[in-house]
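>>> Predicted structure and sequence below. I'll ask about it afterward.
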Amino acid sequence: MSFETKINEGLKEAMKAKDQAATRTLRSIKAAILLQKTDGSGEELTDEKAIKMLQKLVKQRQDSLDIFIKQGREELAKIEQEEIDVLQNYLPKPLTTDELKSAISEIMSGMGDLTIKDMGKVIGAANAKLAGKADGKTIAETVKNLLSS
């Protein structure tokens with residue numbers, strides 16, 4: 001089942017269940033998919049691109065959530081949190097800290113002898129392999145810690 005089909009099926013179920021948060025969020029995903037399709041690049045929406053798009057949507061909502069909490073706007077913060085929860089249902093399960101360290105160590109072992117100067121190369125390889133399973137900031141911190149020790 002393609003990503004777009006999953007979203008359409010989820011939207012139908014959310015509408016039948018009268019789940020306003022899921023309906024609102026899935027409609028925003030559909031809008032993002034439409035923008036992706038009509039951006040003029042002519043590229044198809046792959047699962048990897050879909051994951052990146054969802055991560056971007058989660059990050060946008062997380063930023064808004066932080067602002068609303070700082071401003072004491074609980075009703076708006078609640079809406080953003082609901083949307084984040086729906087979006088995360090469509091993302092792959094994130095890796096635990098131990099799983100992430102293990103995966104990065106495996107990537108590093110295939111690259112030979114590495115120094116702290118090779119951090120960018122390792123982060124690039126890790127981001128490509130672990131797309132959607134961990135965010136870039138966490139990957140960078142883990143690589144730095146592993147290369148430093």
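Received it, and whenever you're ready, just let me know what you need.
>>> where in this protein is pLDDT low?
Residues of the chain meeting the criterion pLDDT under 70: 1, 42.
>>> domain ranges for it?
3-88, 97-148 (automatic domain parsing).
>>> Need those in a markdown table (columns: mean neighbour count).
Using the backbone N, CA and C atoms, a C-beta is placed for each residue, glycine as well. Putting the domains of the chain into a markdown table (neighbours: other Cβ atoms under 10 Å) gives the following:
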| stretch | mean neighbour count |
| --- | --- |
| domain 3-88 | 15 |
| domain 97-148 | 15 |
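>>> Just the element for the closest residue to Val86 other than its chain neighbours, please.
In this structure, Val86 finds its nearest non-sequential neighbour in Thr25, 4.0 Å apart by Cβ to Cβ, 6 or more residues apart in numbering. Under the criterion of DSSP states H and E, Thr25 resides in helix 20-37.
>>> Can you spell out which helices and strands pack onto that helix?
Judged by 3 or more Cβ pairs under 8 Å, 6 or more residues apart in numbering; DSSP states H and E, helix 20-37 is in contact with helix 3-16, helix 47-70, helix 74-88.
>>> relative orientation of it and helix 3-16 in degrees?
Here the directions of helix 20-37 and helix 3-16 differ by 150 degrees (axes from the mean of the first three to the mean of the last three Cα atoms, to 10 degrees).
>>> the inter-axis angle of helix 20-37 versus helix 74-88?
Angle of helix 20-37 versus helix 74-88, following the same axes, to 10 degrees, is 60 degrees.
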